[in-house]
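K.L.:
structure of the sequence below:
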Amino acid sequence: MKLLTWIKSLLFKHRRRPTPPPAALVPFYDVPSGRVVRIPPSELRPGCVQARMEGVDGVVWISPDQVEQGEIRHPPFDEDIRAYIRDIRAAFAEHRDLSFEEWEDGFRRDANPERESPSSRTPPTCTACSPRTSRPRRAAGRCTAS
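P.N.:
Alright, predicted model coming up:
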């Protein structure tokens, strides 16, 4: 009887192993091929960022060093919008140290710069992330502080 049990255990060994759940995959825009491929998050190189690409549905990960800068699409902004860009620059200076001209240039190259700024023209701030407080937890890249 033990021999039969041992043979069965060898023959049907693979049935007893639970199959691991499939790894979560993220969309990555492969610039050379112009296609979106799905890869494990562990394969994202340092410096990859999420972006919306023209002609691609949804948000994808891209490697900034593979993307070329587009042409300027918009005329110079009026002073109200320039003031708002200064507020954005001040709010993100610690994380993205660009000159005012670089920020404005980026907005002028954007296909939809109005999508980047709320209509209320209130600068984006996260007081919970200020140096005076402890760092909030982050979930999926978004600040969870309230």
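
K.L.:
let me see the domain layout of this protein.
P.N.:
Following automatic domain parsing, one finds the domains of the chain at 26-66, 79-137.

K.L.:
between those domains, which one is closest to Ile72.
P.N.:
Closest approach to Ile72 among the domains of the chain is made by domain 79-137 (4.9 Å; C-beta to C-beta). Placement of C-beta: from N, CA and C, glycine included.

K.L.:
which one of the domains of the chain lies nearest to Leu11?
P.N.:
domain 26-66 (33.1 Å).

K.L.:
where along the chain do the strands fall?
P.N.:
Taking DSSP state E, the strands of the chain run over residues 26-30, 35-39, 49-52, 59-62, 138-139, 142-143.

K.L.:
ranking those strands by mean pLDDT, which is last?
P.N.:
For the strands of the chain, mean pLDDT drops lowest on strand 138-139, to a mean of 39.

K.L.:
can I get the strands of the chain in JSON lines with distance to Glu102 and mean neighbour count?
P.N.:
Formatted as JSON lines, these follow (distance: least, C-beta to C-beta, whole Å; neighbours: other C-beta atoms under 10 Å):
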{"stretch": "strand 26-30", "distance to Glu102": "23", "mean neighbour count": "18"}
{"stretch": "strand 35-39", "distance to Glu102": "28", "mean neighbour count": "12"}
{"stretch": "strand 49-52", "distance to Glu102": "16", "mean neighbour count": "13"}
{"stretch": "strand 59-62", "distance to Glu102": "19", "mean neighbour count": "18"}
{"stretch": "strand 138-139", "distance to Glu102": "26", "mean neighbour count": "10"}
{"stretch": "strand 142-143", "distance to Glu102": "24", "mean neighbour count": "10"}
